[in-house]
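Peer 1: The following comprises the amino acid sequence and a computationally predicted model.
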Amino acid sequence: MNSIDLVVLLIQKGCWAAIAAVGFAVLFNVPKYVLPHCALIGALGYALRVALMSNGMGIVLATLCAALLIGVLATILAQNYGVSETLFSVGPAIPMIPGSYAYKAVIGLVTVANSPDLEHDSTLLLAAFENGIKAMLTVLFLSFGIALPSLIWSTFRRRNK
Amino acid sequence: MNFPKQATDSSPPVEQPASLSSMVDLLVRAGSLLLQHGADASRVESSLRKMAPGLGIERIDAIVMSRTLLLTATRHHAHHTQIARIPMVGVNMNTLNEVEQLLRLFQQGRMSLEQLTAIMEQIAALPHHYSRGVIVAAVGLACAAFCRLFGGDWMALVVTGIAAAIATWVRMELNRRRSNYFLVVLITALVASLLAGNALWLSQTPQSALTAAVLLLVPGVPLINASVDILRGHISAGLARATTSLVVFLGIALGMGFSLWLFQIRL
């Protein structure tokens, strides 16, 4: 029963993530034939992250795994169509960006600066730093994970020539 | 002998063995098209470097900063340098893709220099694939989906969608007037969060609506480019982008903080 619940949750989250990925792909003006691929990659990547996080993995490592999946799929599709892989990876990457952590960190810092008595409010500072570090590392690992498969692929192919 | 033009908006006349300055003009034009539409520094640099054999240039050195391009081409002990300041336009994956395909065709020798110059200007003038209405609706839908991902109810989803769509339109209008980027972020965040704050009366989960409605402003491509730049050794370009992203987050937090204070919502 528990696993069925999880599957339903993954499908739901995947569908919403697909909509978000396509929305941002439209904003970034990707060609129309790329949109269905963006939806699929976005759904798979986000569902993988939710699945890993529901098994107790932290957001940073889960994002790295999901980003690697996005990167691999984007690289394969890019080779298939003979275009650049960012076309496929940029839309799906946007739902993964921990925007809420990042501005929770900024709001936390503003609150700290505004608080009259830091000793009393030191938990605020701690929370702001925790959110900030999570946001920073998640973005770093997200971009690293997306860039890595194409980097490996291009060096590997060049060596073969 | 014509002097190198300062602006690269008109295609330079190409002599029989093309002059070094006109080639540099062309390379800077290609590089600025890539950079201003959201390519990372190493992508711009490698695209330009690969052009050297096709143009008959021995060596191309390019330094790519976040909004500046420095390029030197060397041929037979002569060299020519151009420094270009590049206005930011916004992410446009289609332009990036078209320019890269074009450069690849040229490298494969399937195109002359005149054709390359002409087609590049056509690409620069290419209209957006999607009309403004479609973009506004798509971003509204995307933010509504975010609201659902954050556990918002259906009413919050509707409010988020409308707020994000209107905010997208506001941002497009402001960008068209070439306003300062921080001001654009601040005003858009204010509009989005003030509209999304109406979820307070309509939904059980107003926090999710407020959080999701400003997500259209999250600088996704600059953030990813910043880390790609830093990872590939373009530290100064990466740090500049990271700083810009940080300032954007500050603008989002300020605009949103005002609405949170106004509506007395705690996240």
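Peer 2: Looks like it came in fine. Numbers count the residues shown, from 1 in each chain, chains lettered A, B, ... in the order given.

Peer 1: from here on, contacts and neighbour counts on C-alpha atoms
Peer 2: OK.

Peer 1: Checking my notes, residue B:24 in a strand, right?
Peer 2: No. Judged by DSSP: H, G, I helix; E, B strand; the rest coil, residue B:24 forms no part of a strand; its state is helix.

Peer 1: and it, what pLDDT?
Peer 2: For residue B:24, the pLDDT comes out at 89.

Peer 1: name the helices or strands packed onto the helix or strand where residue A:130 lies?
Peer 2: Applying DSSP states H and E as the criterion places residue A:130 in helix A:122-160. In terms of contacts (3 or more CA pairs under 8 Å, 6 or more residues apart in numbering or on different chains; DSSP states H and E), helix A:122-160 is packed against helix A:59-81, helix A:99-114, helix B:220-231.

Peer 1: Show me which parts of the longest helix seen in chain B are buried, residue by residue.
Peer 2: Ranked by residue count and defined by DSSP state H, the top helix of chain B is helix B:235-263. For helix B:235-263, a neighbour-count test (16 or more other CA atoms under 10 Å in any protein chain shown) marks B:235, B:237-242, B:244-257, B:259-260 as buried.

Peer 1: Stretch B:189-208 too?
Peer 2: B:189-200, B:203, B:205-208.

Peer 1: now do stretch A:108-118
Peer 2: A:108, A:109, A:110, A:111, A:112.

Peer 1: quick one, what contacts the fourth one?
Peer 2: With contact taken as CA atoms under 8 Å, 6 or more residues apart in numbering or on different chains, residue A:111 is in contact with residue A:124.

Peer 1: okay, and the helix or strand of chain A with the least pLDDT?
Peer 2: helix A:99-114 (a mean of 78; mean pLDDT, DSSP states H and E).

Peer 1: Now do that helix against helix B:220-231, angle only.
Peer 2: 80 degrees (axes from the mean of the first three to the mean of the last three CA atoms, to 10 degrees).

Peer 1: gap between helix A:99-114 and the chain center?
Peer 2: Centroid separation for helix A:99-114 versus its chain: 21 Å, with CA atoms, centre = their mean, to the nearest Å.

Peer 1: pLDDT of stretch B:216-235, averaged?
Peer 2: pLDDT averaged over stretch B:216-235 gives 85.

Peer 1: what about that stretch, start to end distance?
Peer 2: Start to finish, the residues bounding stretch B:216-235 are 27 Å apart (CA to CA, to the nearest Å).

Peer 1: One more: stretch B:107-116?
Peer 2: 11 Å.

Peer 1: mind checking how far it is from the chain centre?
Peer 2: 27 Å.

Peer 1: now check it, is it near chain A?
Peer 2: No. Using CA under 8 Å from any CA of the partner chain, stretch B:107-116 stays clear of chain A, coming no nearer than 14.2 Å.

Peer 1: model confidence over that stretch, on average?
Peer 2: 84.

Peer 1: buried residues in that stretch?
Peer 2: Neighbour counts over stretch B:107-116 (16+ other CA under 10 Å) mark B:107, B:116 as buried.

Peer 1: what do you get for stretch A:7-17?
Peer 2: Per 16+ other CA under 10 Å, stretch A:7-17 contains these buried residues: A:10, A:11, A:12, A:13, A:14, A:15, A:16, A:17.

Peer 1: for stretch B:79-91, same thing?
Peer 2: Per 16+ other CA under 10 Å, stretch B:79-91 contains these buried residues: B:80, B:81, B:82, B:84, B:86, B:88, B:91.

Peer 1: What helix or strand is the residue of chain B found nearest chain A located in?
Peer 2: When distances are taken as CA to the nearest CA, chain B reaches nearest to chain A at residue B:142, 3.8 Å away. Residue B:142 is located in helix B:132-149, with elements delineated by DSSP H and E.

Peer 1: Can you name the next helix or strand after that helix?
Peer 2: helix B:154-176.

Peer 1: can you give me the angle the helix or strand that comes right after that following helix makes with helix B:154-176?
Peer 2: Where DSSP H and E defines the elements, the next helix or strand beyond helix B:154-176 is helix B:181-196. Counting by the same axes, to 10 degrees, helix B:181-196 lies at 150 degrees to helix B:154-176.

Peer 1: circling back: just the buried positions in the helix holding residue B:142, please.
Peer 2: B:135-149.

Peer 1: circling back: adding distance to residue A:136 as columns, could you present the helices and strands packed on helix A:122-160 in CSV?
Peer 2: Below are these laid out as CSV (distance: least, CA to CA, whole Å):
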stretch, distance to residue A:136
helix A:59-81, 9
helix A:99-114, 8
helix B:220-231, 10
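
Peer 1: Tell me, how many residues neighbour whatever residue of chain A ends up closest to chain B?
Peer 2: Closest to chain B within chain A is residue A:20: 3.8 Å, counting by CA to the nearest CA. Per other CA atoms under 10 Å in any protein chain shown, the neighbour tally for residue A:20 reads 30.

Peer 1: quick one, phi psi at it?
Peer 2: phi -60, psi -40 (degrees, to the nearest 10).

Peer 1: Identify the residue nearest it in space, chain neighbours excluded?
Peer 2: Leaving aside its sequence neighbours, residue A:20 sits nearest to residue B:142 (CA to CA, 6 or more residues apart in numbering or on different chains; 3.8 Å).

Peer 1: From residue B:51, how far off is the one you found?
Peer 2: Residue B:142 sits 38 Å away from residue B:51, going by CA to CA.

Peer 1: Please list the residues of the stretch 101-250 of chain B that sit near chain A.
Peer 2: B:101, B:128-130, B:135, B:138-143, B:145-146, B:148-149, B:211, B:215, B:218, B:220-221, B:223-225, B:227-228, B:231, B:249-250.

Peer 1: thinking residue B:140 is in contact with residue B:159, fair?
Peer 2: No. The criterion here is CA atoms under 8 Å, and residue B:140 misses it with residue B:159 at 9.7 Å.
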